[in-house]
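**Q** Got a predicted structure here, sequence first:
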Amino acid sequence: MGATLTTNELPAAYRQGLKDKNLVALWPLMRSALPYGKPDRRSQPVVWHYRDIRPDMIKAAELAPIEKAERRVLALANPGLGLENVQATPAIFIGLQLIMPGETAPNHRHSPSAVRMVIEGEGGYTVVQGERCPMEKGDLILTPSGLWHEHGHSGTGPVIWLDALDLPIVRALEASYAVEGEPQVVRNEPDSSQSRYRRAGLVPYRSLDTRRTRYPLLRYPWKEVREAMLALAEVTPQRELVQLAYVNPETGRECMPVLGFSAIMLRPGETIALPRRSASAVLHVISGDGDAEVDGTTLPFSDSDTLAIPTHAKVLLANRSTRTPAFLFQIDDAPLQRKCGIYEVSN
Ligand code: GTQ
Ligand code: FE2
């Protein structure tokens, strides 16, 4: 096909007439709306080093008193998408949140869905719909759309975690809002990972007959995920990725509608390619040192670092240690892409 017409080649009067009637000629925009072969991407491969961010987090405790901040969060913004848009990738918001001993982050609920992955500190907790979820390093805690949640800290020292939200999507839909609430009444019982959903393959019998709750499991303790990863690694052939998906135990499907979560283990000395996917992703290093080569850019990583992976990127991960495994937590927009019918994977 020949070169398409540009807007300027249209007669001025015609252009003005379209504008007055809120009309736009598509043909000059065809290639930017539907680029040939692969999408145009503004997202860059980025690494945020925790050692650089941590001092700014601690300083924020002084600069932003919790009463005035509601949530004390530094967002990881992808420069390719414009810092002001606070997007790690087009679909994923990532923030690092700090709470100091005795502080509480007030109860609220909102239309975007969130999860937290604990980075450091002991004694933090999140209450979700009356369920008290302890926050230990590496734990994943869900606060899905519409559920009340508040955070507290009954230990000593700072508690820091990573927040991931589908905020960019919900904002793009002009559907993002929050509601404040009174502190929740906390049920005095262990969270469901310690009571109702103790083991994979077992669910409370009643759930076979009753209408299932949409979000039965809100906490995935790292202690158990780590054990499961080590066991999976033992039976996974070399050159195959050791990866577990966090799913809804009642449905076996992704645990939230827009964002998906998984854990990846890089065995000692292992270098492995991720499958090439249409989904964008964020990788958070739970522990380990290595390098991520993303579309030819090498990003070195160590404990608690976070990386942005654009859509369709070629990713090669290398564990720099020949003695210890590296554990990565992956957040992606594959659940949304599957629903849109646009999800692609190739090796
Ligand atoms: O902790 O509830 O990073 O509502 C952004 C929005 C955290 C939270 C964020 C939020 C929260
Ligand atoms: Fe929130």
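**A** That came through, no problem. Residues are numbered from 1 along each chain as shown. Ligands and ions are numbered 1, 2, ... in the order given.

**Q** What's the end-to-end length of stretch 18-30?
**A** In stretch 18-30, first residue to last residue: 17 Å (CA to CA, to the nearest Å).

**Q** go on, stretch 108-126?
**A** End residues of stretch 108-126 are separated by 12 Å (CA to CA).

**Q** Okay, buried residues for the helix-or-strand element of the chain with minimal mean pLDDT please.
**A** Using mean pLDDT, DSSP states H and E, the weakest-scoring helix or strand in the chain turns out to be helix 66-69, at a mean of 90. Buried residues in helix 66-69, defined by neighbour count with 16 or more other CB atoms under 10 Å: 66, 69. (Each C-beta comes from the backbone N, C-alpha and C, glycine too.)

**Q** neighbours around Gly296, how many?
**A** 9 (other CB atoms under 10 Å).

**Q** ok, now which ones touch it?
**A** Lys314 (CB atoms under 8 Å, 6 or more residues apart in numbering).

**Q** try 10 Å this time
**A** 45, 313-314, 316 (CB atoms under 10 Å, 6 or more residues apart in numbering).

**Q** Over to Ala334?
**A** 91, 245, 254, 258-262, 277-281, 343, 345.

**Q** how about the contacts of Gly296 in CSV, adding neighbour count?
**A** Shown next, in CSV, are the contacts of Gly296 (neighbours: other CB atoms under 10 Å):
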residue, neighbour count
Pro45, 20
Ala313, 22
Lys314, 12
Leu316, 14
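
**Q** Take those residues and keep only those in strands.
**A** Leu316 (DSSP state E).

**Q** before we move on, the earlier item: the least confident helix or strand of the chain: what's the following helix or strand?
**A** Next in sequence after helix 66-69, counting helices and strands by DSSP states H and E, comes strand 73-75.

**Q** what's the offset of the following helix or strand past that next one from the middle of its chain?
**A** Per DSSP H and E, strand 73-75 leads on to strand 93-99 as the next helix or strand towards the C-terminus. How far strand 93-99 lies from its chain's middle: 11 Å, per CA atoms, centre = their mean, to the nearest Å.

**Q** same check, this time on stretch 103-112
**A** Worked out by CA atoms, centre = their mean, stretch 103-112 lies 18 Å from the chain centre.

**Q** just to revisit the earlier point, among the contacts of Gly296, which one lies nearest to Gln330?
**A** Ala313 (12.8 Å; CB to CB).

**Q** now the closest one: how far from Ile160?
**A** Using CB to CB, to the nearest Å, Ala313 is found at 27 Å from Ile160.

**Q** ok, now Arg239?
**A** In terms of CB to CB, Arg239 sits 35 Å off from Ile160.

**Q** Could you pull up the residues touching whatever residue of the stretch 151-300 of the chain ends up closest to ligand 1?
**A** Closest residue of the stretch 151-300 of the chain to ligand 1, CB to the nearest ligand atom: Asp163 (3.4 Å). By CB under 10 Å, 6+ apart, Asp163 lies in contact with 71, 73, 75-76, 93-97, 114-117, 143.

**Q** That one: which element?
**A** Using DSSP H and E, Asp163 maps to strand 159-165.

**Q** ok, that strand: who's next to it in the sheet?
**A** Applying DSSP bridges, strand 159-165 is found paired with strand 93-99 (antiparallel), strand 114-120 (antiparallel).

**Q** Please produce a markdown table containing those strands, extended by mean neighbour count and distance to His149.
**A** Shown next, in a markdown table, are these (neighbours: other CB atoms under 10 Å; distance: least, CB to CB, whole Å):
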| stretch | mean neighbour count | distance to His149 |
| --- | --- | --- |
| strand 93-99 | 24 | 12 |
| strand 114-120 | 23 | 8 |
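
**Q** Could you dump those strands into TSV and include distance to ligand 1 and mean pLDDT?
**A** Below are the strands paired with strand 159-165 laid out as TSV (distance: least, CB to the nearest ligand atom, whole Å; pLDDT from 0 to 100):
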stretch	distance to ligand 1	mean pLDDT
strand 93-99	3	98
strand 114-120	6	98
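
**Q** Those strands: which one's closest to His153?
**A** Using CB to CB, the strands paired with strand 159-165 put strand 93-99 closest to His153, at 4.7 Å.

**Q** if I look at Ala175, how far off is Ser111?
**A** In this view, Ala175 and Ser111 are 6 Å apart by CB to CB.

**Q** ok so, going back, next helix or strand past the strand holding Asp163?
**A** helix 167-172.

**Q** elements contacting that next one?
**A** strand 93-99 (3 or more CB pairs under 10 Å, 6 or more residues apart in numbering; DSSP states H and E).

**Q** which one among the contacts of Gly296 gets closest to ligand 1?
**A** Using CB to the nearest ligand atom, those come closest to ligand 1 at Pro45, 22.4 Å.

**Q** burial count for the nearest residue to that closest one once chain neighbours are set aside?
**A** Spatial nearest neighbour of Pro45, excluding adjacent residues (CB to CB, 6 or more residues apart in numbering): Val294 at 3.6 Å. Neighbourhood size, Val294 [other CB under 10 Å]: 24.
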